[in-house]
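1. Just a sequence and a predicted model for now, questions to come.
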Amino acid sequence: VNTKTDKVNRNLEINIQMIEHLFEGCADAVMRKLCMGEQKLGLYVVYMDSMYDRDLVDGVLLKTLLFDVGRLPETNVGDFIMKHCLATADISEKDQLCDVTDEVLKGNTALFIDGMAQAIIISSKSLPGRGVSEAETEVSVHGSKESFTESFRTNTVLIRRRIRDTRLKARQMMIGERSRTDVAVMYMADLVRPEVLSEILQKLQRFKIDAILDGAMLEQMTEDEWYSPFPQFQTTERPDKAASALLEGRIVLVVDNSPSVLILPATFSCFFQASDDYYDRWDAACFVRILRYAAGAAAMLLPAFYIALTGYHPEVLPLSFALSFAASREGVPFSLPVEVLIMELAFELLREAGIRLPGPMGSALGIVGGLIIGQAAVEAHIVSPVVVIIVALTALSAFTIPNDLFASAFRMIKFYCILAASVAGFIGLTAAVLTVLIHLAGLKSFGIPYMMPFVSADLDPENRFQDTIVKAPADQMYQRPFFTRKGHRRRLRKEK
Amino acid sequence: MMADNQKISSRQAAWILAFDILAVGLFGLPALFQGDTLGNILSEGALTLVLAGLYEGASIWWLRHADRERACHDTPAALHSLIQIFFFVYYLFAAVYAVEFFWGVIDHLVVAAYRYPVTILFFLAVVVYGAGKGMEVRARTAELLGWLVFIPFIFLFILGFWQMIGKTTPAVTTIQWQAIWTEGYKGLFLFWLGDHPLLINRYIQWDRKFYQRLLYGLIGGSLIVFAGLLLTGLYLTPEGMLRESEPFAIVLQMIRFPGNFISRYDVFFVMLWMMSFYILVSGMMIYMVDMTAGLTQISGRQPEKRWIALGCGLVILTLATIVHACAPFQRLFQSGMWWAGIPLSVLIVVIGGCCWKKVVNKG
């Protein structure tokens, strides 16, 4: 049997042979031959166990087919069955065997009828999975508590529920030669930039891979600069954030089995935005936004700054400050960079262990690590108390960044800066910062400069800073950001 | 889609020019006018900045109205190559001079902390990395660094002037006109280190606010440099300036910020200055890469620009090390740079004039 080219046959027995051959050894596949009506018309039903809606298939459809139909017409039996015997609107016909098996493996039910060269596909998916639960990594105080789940259709529904507009389009495709993962490209037809849409569609079709098990894998397969520590897609587990991105003219990729969706294009400032910023009071939101940017800088630079300052330029510190720094290091056998690196790595270990351990144990580990190990290390003169404070502040700053992948980039660059500051003090640190800035200036996400609107401001002359370091009040944000197609930028109109 | 077309906007060009002026003038001008009266220092500084601004602005205006494409087409290949070689040599000398200038500031400021090779290696590594990415990324970096560098300097100068209130200031009255003109022209040479109008002009995209933005950039950079010069004169007095090889660095040490968290801010401001200096030197490197690529393309090869940037970086590093070690070479390189710079600056008038004529004739 060639699953790629073979078609459904009119002869039911041939179809049965092909299906049984394909599903040979698949214990979870249910296949049964049935007879229907007074003429004993042959039927063949195929579905996957526990992936189908038992009430619909067994309780309604099969019961009707087997017990409620009397005499069948002489001709067009298939048409008669589809129109009169199947009590559901969501059915389709497939004539390719590969399409039929794809549908069955998705959880749908395939119905072969003797004498019919197509299989009827009845949508009967009922996959096991968790329900919609609270967002865990993007917690919101005021906004919606819902988060995406692993169910593809639930995720698209969660978005559709927020944008009841026919201009919200969802192009669906399957990626993965073996996983056959459903991927939906969702966008607002009138707002999306056509060139960005065509680029992502091209990129999705450009590769062949065994399996896409999560959205992150798709991200890695389609991003331009794989070596960059900065993510070029935004991920979110919040449906309201995805809906908001769609309304800005961005594209959302929903991947089956992934509890978060991908948003593109993504720029530097997008990663500092949290849902609460839009639900909170304007002044509070602005304050928190500024705090996050400062925290981003601290997460990257603080330890390196400390090394450069105390290791290379203690003269710039006030005398009392310099003396207290020196006193705190008394008895510590390591050099300053080694001391900072030990503490930073210890913290990274604790963080990693905390994530892998179950919830309550993980938080307990954080407390144990932070307090007990830190204090013990100070008392044992392995590190100085100032370094513990610096590392704690750095960690706190990194946690303030709303996106975990983005925060990881800052954590990686922190080590680069530490290294540069250790070798060449402020000169090294400046050089390191410059290389990061040059990298950021050159980075693009689907053709849009990553540092927009801080760079290439000419491309977005109006209200470009309305949602960056500070956020304008909602009733002042008249324009959509630069992601939106030209000529469709107006999002707010007020009566005078 | 914003294509990677290596074109820059007028806003980005304005930032680049402002950085050029800042990078060269902030430490360069106070050191150049040592030993003069305060009146002369300020007048010479102002004259230099005005002349530099006028030269840059007028040259860009002149070239913008010329039929450059036609000029490139009509220039004989040999002459074109000769001009490219000339530009390459000029920027090679200029880059070596800039590296020495950079080391001079760092060395004076933080004598014990750094060693020459480490400092130069780190700086050149960044320059090579940035130059390998091309003009578009350089322009975006300038835009990104723009307010990040300028705002702290504005704060610094406000605090600097604030702290001067109530203190005795040296007299500004003595002015010797002859010296002003001589020194003013001498200072102008410093600003030739920046982006040559003939080269940067090729990258800039025309827009409605082109001249307005260019003017903002030139005036903004000049004002910061002039404020630095004024503060140096006021804080150190001309006699004090004479004793220091980098007078502005001393002023940075004297200005205090409220809060007493840090007692000296000179290191941080030198970091910011290093960022602006990167913009300047990366421009030199990009033009050198362009010239090399242009020359090698004659033989039909398509060179990889980031490798050329690395090669140029290594050449600059070697020459800078030799120049740093041997004092006679320093003078040789400086005079070589000036002599190469003069014909290139005159070239604008010639090329602009020829093309202008063609446009008029066509029109």
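-> Sure thing, it's come through. Because the structure is predicted, anything quoted here is derived from the model rather than measured.

2. what sits against residue 105?
-> Using chain A here. Contacts for A:Leu105 (CB atoms under 8 Å, 6 or more residues apart in numbering or on different chains) come out as A:Met48, A:Arg180. Where you see a C-beta, it was placed from the backbone N, CA and C, and this is true even at glycine.

3. switch to chain B, that's the one I care about
-> B:Phe27, B:Glu246, B:Ala249, B:Val270, B:Trp273.

4. quick one: average pLDDT of the helix or strand containing it?
-> According to DSSP states H and E, B:Val105 maps onto helix B:77-109. Computed over helix B:77-109, the mean pLDDT rounds to 86.

5. same deal with stretch A:357-369?
-> Rounded mean pLDDT across stretch A:357-369 is 71.

6. filter the contacts of B:Val105 down to the ones close to chain A.
-> B:Val270 (CB under 8 Å from any CB of the partner chain).

7. Show me the contacts of B:Val105 that map onto helices.
-> Among these, DSSP state H puts B:Phe27, B:Ala249, B:Val270, B:Trp273 in helices.

8. which one of the residues you listed is nearest A:Pro194?
-> A:Pro194 lies nearest to B:Trp273 out of the ones in helices among the contacts of B:Val105, by CB to CB, at 44.5 Å.

9. from memory that closest one sits against B:Phe19, does it?
-> No - using CB atoms under 8 Å, B:Trp273 makes no contact with B:Phe19, being 10.1 Å away.

10. near chain A, which residues of the stretch 201-350 of chain B show up?
-> B:207, B:260-268, B:270-271, B:274-275, B:278.

11. From these, list the buried ones, please.
-> B:Ile262, B:Ser263, B:Arg264, B:Tyr265, B:Asp266, B:Val267, B:Phe268, B:Val270, B:Met271, B:Met274, B:Met275, B:Tyr278 (16 or more other CB atoms under 10 Å in any protein chain shown).

12. Mind listing the shared neighbours of B:Trp273 and B:Phe19?
-> B:Val149.

13. More neighbours: those two, which one.
-> Shown here are B:Trp273 and B:Phe19; by other CB atoms under 10 Å in any protein chain shown, B:Phe19 has more neighbours (30 against 25).

14. residues touching the more buried one, list them.
-> Per CB under 8 Å, 6+ apart, neighbours of B:Phe19: B:Ala142, B:Leu145, B:Val149, B:Gly221, B:Ser276, B:Ile279, B:Leu280.

15. try A:Pro239
-> A:Pro239 neighbours (CB under 8 Å, 6+ apart): A:Ser144, A:Glu146, A:Ser147, A:Phe148, A:Asn155, A:Leu158, A:Ile159, A:Arg161, A:Arg162.

16. Any chance of the residues you listed in CSV with neighbour count as columns?
-> Output for the contacts of A:Pro239, formatted as CSV (neighbours: other CB atoms under 10 Å in any protein chain shown):
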residue, neighbour count
A:Ser144, 17
A:Glu146, 18
A:Ser147, 23
A:Phe148, 26
A:Asn155, 27
A:Leu158, 23
A:Ile159, 22
A:Arg161, 11
A:Arg162, 18
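
17. List just the nearest of these to chain B.
-> Using CB to the nearest CB, A:Ile159 is the member of the contacts of A:Pro239 that lies nearest chain B, at 25.4 Å.
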